[in-house]
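S.K.: Quick one: sequence plus predicted model below, questions after.
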Amino acid sequence: EKEPVRILVTGAAGQIGYAIVPMIARGVMLGPDQPVILHLLDIEPVAEALNGVKMELTDAAFPLLKGVIATTDPIEACMGVNIAVMVGGFPRKEGMERKDVMSKNVSIYKAQASALEKHAADDCKVLVIANPANTNALILKEFAPSIPEKNITCLTRLDHNRALGQISERLDVQVSDVKNVIIWGNHSSTQYPDVSHATVHTSRGEKPVRELVSDDKWLNDEFITTVQQRGAAIIKARKQSSALSAASAACDHIRDWVLGTPKGTWVSMGVYSDGSYGIQPGLVYSFPVTCEKGRWSIVQGLMIDEFSRAKMDATEKELVEEKSMAYSCLD
Ligand code: NAI
């Protein structure tokens, strides 16, 4: 039997935490033959609820689950972890300014960066989910200089999957037959969901989405805003934010990163920019990536038209502003 992989979930007493831990324990993230040990971190005020989650994990008797550590101590939580799923954060409450939320999260991610750097396994792969996800990931990277930048990512796979879902509904095709959409930029309403290179598997071969959806107005307008605003639409409908789909997307993100993307398919991940597509280095920006042997690489050489360029630049600009706001919170 394989050695268990240690997976940290921060914010484990929260909504996404509750949805993701059973997925991980059932093998959705790393496959049905990979044993796991869960490290669950949350904060003191919800310690009892966190312990309740641990009790339910015991009661679920998952064969792959070889242990659970539930703690409010970041050092204990980070000890020896191979994968860190960072869901914990400070939510925006009514009447709070963007900068106040940013400031709370920047200090959380700065502190947790140090705990991970000192105590996680050397090869630890980090996925930041808590918002502002790209900028929290950037802060984590800057304050954990010994963790390779390739190991720090943020979640835009939910947006990617939402885009696949919209195309599949529109064309009335299976979602598994749609591929290679791209989410560029920030996990925020400035993100650019791009179908310029997306295709659908049909009985007549692979067809470009742009050819099948002949309505350019829908693609250039309503499709984009629907994906950008989907988070808000879920909150409106459910009175709570998306947790099931976020948890599922997080499993997809890690699974593809560790086990590889299928041949001919790319996915979207928020990663540290190396300047590809003219995006400023030193930002965590969502790009199309392929993964192999536990490493991602940005898909190169895609043609970018003027329409796309303007949208990619707008979301880059927002990330530059977030970065400087984050730094001003550190002073
Ligand atoms: P939630 O409020 O239900 O859970 C967050 C948990 O984090 C709470 O249990 C809280 O006690 C905990 N927490 C707060 N500070 C912490 C700290 N310093 N260390 C450890 N835990 C801490 O929120 P939910 O719905 O689970 O969402 C979590 C985050 O994920 C939010 O920031 C949300 O905006 C973000 N999100 C991101 C998505 C993405 O696609 N990137 C999608 C959906 C949500």
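M.R.: Received, thanks. Numbers count the residues shown, from 1 in each chain.

S.K.: what does the stretch 1-150 of the chain put close to the ligand?
M.R.: For the stretch 1-150 of the chain, the contact set with the ligand under CB under 6 Å from any ligand atom comprises 10-11, 13-17, 41-43, 46, 87-91, 108, 129-131, 133. Where C-beta positions appear, they are placed from N, C-alpha and C, glycine not excepted.

S.K.: Just the buried ones from the residues you listed, in PyMOL syntax?
M.R.: Remark: buried members of these, expressed as a PyMOL selection using 16 or more other CB atoms under 10 Å:
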select buried, resi 10+11+13+14+15+16+17+41+42+46+87+88+89+90+108+129+130+131+133
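
S.K.: quick one: which of the residues of the stretch 1-150 of the chain next to the ligand sit in helices?
M.R.: Applying DSSP state H to these, the entries found in helices are 15-17, 108, 133.

S.K.: could those go into CSV alongside pLDDT and distance to residue 120?
M.R.: Shown next, in CSV, are these (pLDDT from 0 to 100; distance: CB to CB, whole Å):
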residue, pLDDT, distance to residue 120
15, 97, 25
16, 98, 20
17, 98, 19
108, 96, 16
133, 96, 19
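
S.K.: quick one, helices of the protein?
M.R.: According to DSSP H, the chain carries its helices in the segments 15-25, 47-60, 74-78, 98-119, 133-142, 157-171, 209-212, 216-217, 223-228, 230-238, 244-259, 306-330.

S.K.: Check those helices for me and report the most buried one.
M.R.: Greatest average neighbour count among the helices of the chain goes to helix 133-142 (a mean of 26), per mean count of other CB atoms under 10 Å.

S.K.: which outside residues touch that one?
M.R.: Contacting residues not belonging to helix 133-142 are listed as 86, 89, 102, 105-106, 108-110, 112-113, 116, 126, 128, 130, 147, 149, 152-156, 186-187, 270, 272, 283-286, 319, 322-323, 325-326 [CB atoms under 8 Å, 6 or more residues apart in numbering].

S.K.: quick one on the thing from earlier: Throw the helices of the chain into JSON lines and include distance to residue 182, thanks.
M.R.: Below are the helices of the chain laid out as JSON lines (distance: least, CB to CB, whole Å):
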{"stretch": "helix 15-25", "distance to residue 182": "24"}
{"stretch": "helix 47-60", "distance to residue 182": "35"}
{"stretch": "helix 74-78", "distance to residue 182": "32"}
{"stretch": "helix 98-119", "distance to residue 182": "26"}
{"stretch": "helix 133-142", "distance to residue 182": "15"}
{"stretch": "helix 157-171", "distance to residue 182": "8"}
{"stretch": "helix 209-212", "distance to residue 182": "11"}
{"stretch": "helix 216-217", "distance to residue 182": "17"}
{"stretch": "helix 223-228", "distance to residue 182": "11"}
{"stretch": "helix 230-238", "distance to residue 182": "16"}
{"stretch": "helix 244-259", "distance to residue 182": "15"}
{"stretch": "helix 306-330", "distance to residue 182": "9"}
